[in-house]
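Asker: Here's a sequence, model it:
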Amino acid sequence: MVPDDNDDMQVGTELKAKVVFGRAAYAFRTRVAAQDSRIPELIQLEYPMRIKKHTIRKHMRIDTQLSARLIRNEVVAIRFDAQITNLSASAIGFFLPDATLEVGEHFKIAVR
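Answerer: The predicted structure is shown next:
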């Protein structure tokens, strides 16, 4: 979807696209093939001639919405609410609305 007034997305415009999907990042060149007259923000792209794939994750991530508590630097008194956003066999993604972590800081995540 593109804004109505975006002149860069006219039919015939060449684009470089990069997409992260699953465990890989994909890059390709394409052109804007058409714009929908009923939904001007919707464009159709030509099928790319060549797609480059680069594996960026060893394990597939699964989206989640788990509430958790984060304990910083082994200090039980310092806890923050957290939202676990995704999991894999070797990693966890989470969101901390009320705190930031510094490089090298240790933490534990508790989930019920």
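
Asker: Would you enumerate the residues in contact with Arg57?
Answerer: Arg57 is in contact with Gly22, Arg23, Ala24, Ser88, Ala91, counting by C-beta atoms under 8 Å, 6 or more residues apart in numbering. Any C-beta I mention is one placed from the backbone N, CA and C, and that applies to glycine too.

Asker: Out of those residues, list just those in helices.
Answerer: In helices, judged by DSSP state H, none of the contacts of Arg57 are found.

Asker: Most widely separated two among those residues?
Answerer: Ala24 and Ala91 (15.5 Å; C-beta to C-beta).

Asker: ok, Phe80 to Gly12 distance?
Answerer: Going from Phe80 to Gly12 by C-beta to C-beta, to the nearest Å gives 50 Å.

Asker: elements contacting the helix or strand hosting Ser67?
Answerer: Element membership of Ser67, judged by DSSP states H and E, is strand 62-72. Judged by 3 or more C-beta pairs under 8 Å, 6 or more residues apart in numbering; DSSP states H and E, the packing partners of strand 62-72 are strand 79-87, strand 107-110.

Asker: Make TSV out of those and add mean pLDDT.
Answerer: Below are the helices and strands packed on strand 62-72 laid out as TSV (pLDDT from 0 to 100):
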stretch	mean pLDDT
strand 79-87	90
strand 107-110	86
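
Asker: so of the ones you listed, which one's packed in deepest?
Answerer: strand 79-87 (a mean of 16; mean count of other C-beta atoms under 10 Å).

Asker: Quick check: neighbours of the helix or strand following it in the sheet, parallel or antiparallel?
Answerer: Once the chain leaves strand 79-87, the next helix or strand it forms, by DSSP H and E, is strand 92-95. Strand 92-95 pairs in its sheet with strand 79-87 (antiparallel), by DSSP bridges.

Asker: list the contacts for Ala25?
Answerer: Lys18, Val19, Lys53, His54, Ile56.

Asker: can you check Thr55 too?
Answerer: Applying C-beta under 8 Å, 6+ apart, the residues near Thr55 are Arg23, Ala24.
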